[in-house]
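Student: Sequence first, predicted model second:
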Amino acid sequence: MKTDVFALRHIGIREEDLEHMLNTVDVENLEQLIFETIPEDIRLKEPLKLDSPMSEHRFLAHIEALSKKNKVFRTYIGLGYHESLTPSVIKRNILENPGWYTAYTPYQAEIAQGRLEALLNFQTVIADLTGMELANASLLDESTAAAEAMTMLFDVRSRDQKKNEVRKFFVSEEVLPQTISLLSTRSVPLGIELVIGNHENFEFGNDFYGVLLQYPGKHGQVNDYAGFVAKAKENEIKVAVAADILSLVLLTPPGEIGVDVVVGTTQRFGIPLGYGGPHAAFFAAKEEYKRSIPGRIIGVTKDTDGKPALRMALQTREQHIKRDKATSNICTAQVLLAVMAGMYAVYHGPKGLEYIAKKVHATAVTLADALEKLGLYQTNSAFFDTITVKTDAQKVRPIAEKHEVNFLYVDTATISVAVNEATSLKDLNQIIGIFSEALGKPATEVDNLLNSTSVPENIQRRSPFMQNKVFNSYHSETELMRYIKKLERKDLALNHSMISLGSCTMKLNAATEMLSLSMTHWGNIHPFVPVEQAEGYQTVLKELEKDLSVITGFADTSLQPNSGAQGEYAGLMVIRAYHESRGDSHRNICLIPASAHGTNPASAVMAGMKVIVTKTDEKGNIDVADLEEKATLYADQLAALMVTYPSTHGVFESSIKQITKLIHDNGGQVYMDGANMNAQVGLTNPATIGADVCHLNLHKTFAIPHGGGGPGVGPICVAPQLVPFLPTNPVIKTGGENAITAISAAPWGSSLVCLISYGYIKMLGEYGLTQSTKIAILNANYIKHRLSGKFDVLYTGEKGRAAHEMIIDCRPFKQNGIEVTDIAKRLMDYGFHAPTVSFPVAGTLMIEPTESESLAELDKFCEAMISIRTEIDESSSNEPDNVLKNAPHTLEMITSDNWQFSYSRQKASFPLPYVKENKFWPAVRRVDDAYGDRNLICTCAPIEAYMETE
């Protein structure tokens, strides 16, 4: 075995396994299988032109050398990003721990109780600090969260406002520039009219439905908004506030003055800057909006035994249910980062956060005092951590950069300085020294922080926060380490067993790919530093863009979208801009097959398009005749077709080129959803099938871990005619010459985790990437053949092959009283996470094994499914006391003195011999979703609840 070949470590199937597997699927070689799976007319004729693969050792040296090309200055730019200190106990036990970063979205609550508890902690922190009643489990970044607030408030306008077509949304000029750019992107397709101005001059007319304020403002000014909010309420105008989470430790929470929504980022709660992300945003609101809040909400419910359990609540709000009626296309979160931010709060507790916030504020007060003694005029009448001074910026900047310091240069006569948790007395004196050198005046060294405040009494926080037991218990490293481990043990992640989720591609996230995330020279770069200070990042990002363009066959790539759904939206907005540039702004029809992901119709509506659903035939393929009829009917208005390839049903449709030509012939563009790109890489590509734009899920095909439901990255790759419209950023220019406005807050989205995909491609190279695709297809067909005769596979290609995933039909088992959910829960007893349940067809399981699983693991899964099939045959609708209906079985059940079931404890918990070797115990019995939705509780219990039971 070549120990320096990464592909042999990433791909789970050994050379000696191939013959057995190929015999099982009845082909002579791998090429025959691929020939029978992928239509010949879309197969690539040449190998991908990529660099030769690196060994893991060489890649680590390479990525470290690149990191040294980044210049890590002391940075005080602010604008929503601040250096923070990640406690080592959190870094080691969560960020660097596959038990946390390889878990999937907690749709199967019984094996995700640890992650759900960590997210409930996060929601509680947010609700407490903002003073709001309800918070979700994170969004993508502050700017997209603000955009979600704008659209949610638009959706919940009063009946009269809707009737009178009230569409104006006021945005304070104090709001961050990247947020204003993103609001501009989101508002136009929906017909929302943005009005940007000074909130002090705002006239509260009845033609406005909402406003957005920044607290503190972009250059640090803290305003008292109580009067403004009261006046807005009088005029039926709803108020959203973008707030700095750390400042709310000292400032009056917006919820206490009656605002409707509070958004922001938790980056400064221990999350690295990472050149812009990923960072967990927050979204908090009044409870009356609970059915309109975007994203995920974690709620408390009970299990079969009536014991407390957690799960994702109110899922009927989400795009996969509401589709084109959805007001948000958000289908992911930043779970890993939210978990880290929540743990930061757990570790420090309310007293620790108060200490940090007071120290940051005292540093800013001391700096303002020292600069005023130098004769500089400080413009903020009240501030938390950011001061703004009037001076000659052109004289200060070269001196600051000589000392490796970055400030925000607002204009030639104004400089803003945002201090942070990491700013020491030494740093403070360096800042003062830079200004004194520019002024040619001596400075007095500061040897302690002033014990005074800039915050007026009327906007100082008086209310307590984070009084719950969890925030007052784990302040030593030993205690937090054990708490994190306790939660980790309740979660089934890839470090335990295969997670065979169709459409979600849960593959190996190699340790070598992940290590760079912990390197200082990657983590501590502000997204708005001059690009020459980020030479390492620029090299990686440009190379990744180039490689993704080669893989997709397209002309260029934008890495800005920071989730798959944002990639969909970005792709459609680029298509929209293309049509408008040609005078075709009337083109607004988007054709979407009935089998498409729920985000597709939601994204199309957000992009201002009208969704027309096309039929699928009995084989699960696009009904070409129906598509042709609709494309012809709407030829004058056709904007786009959204198509997933291979299809959502796991089939390479042979008519795909005919389909894309049909759309082009009728004036439309083709958007390809890249969810199933793991079946294409190196064998075919979106350009070859005739698409014009695709998004890629880097957290699926390109190995960024799912992190329990995020981070995700969804770059878009485009054909030449769409390149000019790739998105830009208002602070650091990106994108095309006729770029659309921002899609996410940071210029290159979640740059830090792009290092993972960069490593994945560079270490696999052309051969490794292509072989990964072939083995993913082999593994899916192997499972299909092993389950043949036990389960029916719903859809296959013309030669009877599955792509990288397939759908098995569980509906016939209803005659035995067994639902697909029972099978999903029973798999937990066998140590497996269920495949995708009831998507895209109700009552089915969609299975995708990926290339990184071994033959032994595939066989274990098949044995589990075959054993469950036997259990189904033993079940009867007349006798619900069976092993499937009662699944999953917990340790508490098995060890109880009271065993009331007709089957044995052995059968319940150790149904096959392999289970004994590595048993995973679900933390709770089957959860009651309906109870939790009827009794919505989305924060931790108050400390009194714990006291009553002790």
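Tutor: Great, that's in hand. Numbers count the residues shown, from 1 in each chain.

Student: Quick check: buried residues in the longest helix anywhere in the chain?
Tutor: Secondary structure of the chain read by DSSP state H shows that its longest helix is helix 335-373. Residues of helix 335-373 classed as buried: 335-350, 352-354, 356-357, 360-371 (neighbour count, 16 or more other C-beta atoms under 10 Å). (Glycine included, C-beta is placed from N, CA and C.)

Student: now swap in stretch 223-231 and tell me
Tutor: N223, Y225, A226, F228, V229.

Student: quick check: mean pLDDT across it?
Tutor: Throughout stretch 223-231, pLDDT has a mean value of 97.

Student: So what touches it?
Tutor: Residues from elsewhere that reach stretch 223-231 (C-beta atoms under 8 Å, 6 or more residues apart in numbering): 174, 199, 202, 204, 213, 215-217, 239, 241, 252, 254, 257-259, 382, 456, 458-459.

Student: repeat that for 7 Å
Tutor: H199, F204, L213, Y215, G217, V239, I257, G258, V259, N458, I459 (C-beta atoms under 7 Å, 6 or more residues apart in numbering).

Student: Out of these, which end up buried?
Tutor: Buried, going by 16+ other C-beta under 10 Å: H199, L213, Y215, G217, V239, I257, V259, I459, out of the contacts of stretch 223-231.

Student: which ones are touching the third one?
Tutor: For Y215, the residues meeting the contact criterion (C-beta under 7 Å, 6+ apart) are Y225, V241, A242, A243, P254.

Student: Same question for the first one.
Tutor: Under the criterion of C-beta under 7 Å, 6+ apart, the neighbours of H199 are S172, L213, F228.

Student: Could you rerun that using 10 Å?
Tutor: By C-beta atoms under 10 Å, 6 or more residues apart in numbering, the contact list for H199 reads 170-175, 211-214, 217, 223, 225, 228, 232.

Student: Likewise for the fifth one?
Tutor: Residues near V239 by C-beta under 10 Å, 6+ apart: 149, 153, 170, 210-213, 225, 228-233, 254, 257-262.

Student: could you dump the contacts of Y215 to a markdown table with secondary structure?
Tutor: Listed next are the contacts of Y215 as a markdown table, based on DSSP: H, G, I helix; E, B strand; the rest coil:
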| residue | secondary structure |
| --- | --- |
| Y225 | coil |
| V241 | strand |
| A242 | strand |
| A243 | strand |
| P254 | helix |
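
Student: neighbours of the closest residue in space to K91 that isn't next to it in sequence, just the number please.
Tutor: Counting by C-beta to C-beta, 6 or more residues apart in numbering, K91 lies nearest to S518, which is 6.6 Å off, once chain neighbours are set aside. Neighbours of S518 under the rule other C-beta atoms under 10 Å: 14.

Student: T632 too?
Tutor: By other C-beta under 10 Å, neighbour count at T632 equals 12.

Student: Pull up the gap between it and S503, please.
Tutor: 31 Å (C-beta to C-beta, to the nearest Å).

Student: out of the contacts of H199, who's nearest M481?
Tutor: Q214 (37.4 Å; C-beta to C-beta).

Student: after the host helix or strand of that closest one, next one along is what?
Tutor: Per DSSP states H and E: Q214 is located in strand 208-215. Moving toward the C-terminus from strand 208-215, the next helix or strand (DSSP H and E) is helix 226-234.

Student: Compute the inter-axis angle for that following helix and strand 208-215.
Tutor: Computed with axes from the mean of the first three to the mean of the last three C-alpha atoms, to 10 degrees, the direction of helix 226-234 lies at 160 degrees from that of strand 208-215.

Student: List every C-alpha atom in helix 226-234, with coordinates, as CSV.
Tutor: Taking C-alpha atoms only, helix 226-234 is exported to CSV below (Å, rounded to 0.1, in the frame of the first residue of the first chain):
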residue,chain,number,x,y,z
ALA,A,226,-36.4,54.1,23.2
GLY,A,227,-38.2,57.2,21.9
PHE,A,228,-37.8,56.2,18.3
VAL,A,229,-39.2,52.7,19.0
ALA,A,230,-42.2,54.1,20.9
LYS,A,231,-43.0,56.5,18.0
ALA,A,232,-42.6,53.6,15.5
LYS,A,233,-45.1,51.5,17.5
GLU,A,234,-47.6,54.4,17.4
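
Student: mind checking how far it is from the chain centre?
Tutor: Helix 226-234 has its C-alpha centroid displaced from the chain centroid by 34 Å (C-alpha atoms, centre = their mean, to the nearest Å).

Student: Stretch 575-590 now?
Tutor: Mean-position distance between stretch 575-590 and its chain equals 29 Å (C-alpha atoms, centre = their mean).

Student: Neighbours of K68, how many?
Tutor: K68: 12 neighbours (other C-beta under 10 Å).

Student: can you give me the strands in the stretch 351-500 of the chain?
Tutor: 377-378, 386-390, 405-411, 414-418 (DSSP state E, counting those that start in this stretch).

Student: And those strands: which comes nearest V681?
Tutor: Going by C-beta to C-beta, the one of the strands of the stretch 351-500 of the chain nearest V681 is strand 405-411, 38.8 Å.

Student: List the contacts of the closest one.
Tutor: Under C-beta under 10 Å, 6+ apart, the answer for strand 405-411 is 71, 73-79, 218-220, 379, 386, 388-390, 393-394, 396-397, 399-401, 414-418, 427, 430-431, 433-435, 526, 528-530, 533, 731.

Student: Mind checking which of the residues you listed land in helices?
Tutor: When those are checked against helices (DSSP H), the matches are 393-394, 396-397, 399-401, 427, 430-431, 433-435.

Student: Now do the contacts for the closest residue to E479 other than its chain neighbours.
Tutor: In space, and not counting its chain neighbours, E479 is closest to S473: 6.8 Å by C-beta to C-beta, 6+ apart. By C-beta under 10 Å, 6+ apart, S473 lies in contact with V346, G349, E479, L480, Y483, Y946.

Student: And the pLDDT for the second one?
Tutor: On the pLDDT scale, G349 is placed at 98.

Student: ok, the nearest residue in space to it that is not next to it in sequence - contacts?
Tutor: In this structure, G349 finds its nearest non-sequential neighbour in F471, 5.1 Å apart by C-beta to C-beta, 6+ apart. Contacts here follow C-beta under 10 Å, 6+ apart; on that basis F471 touches 121, 124-125, 128, 342, 345-353, 465, 940, 943.

Student: 7 Å instead, please
Tutor: F471 is in contact with A345, V346, G349, P350, counting by C-beta under 7 Å, 6+ apart.

Student: Quick one: distance of stretch 212-228 to the chain centre.
Tutor: 28 Å.

Student: tell me how far the ends of it are from each other?
Tutor: 11 Å (C-alpha to C-alpha, to the nearest Å).

Student: Quick check on the ones in helices among the contacts of strand 405-411: which are buried?
Tutor: A393, V396, R397, A400, E401, D427, Q430, I431, G433, I434, F435.
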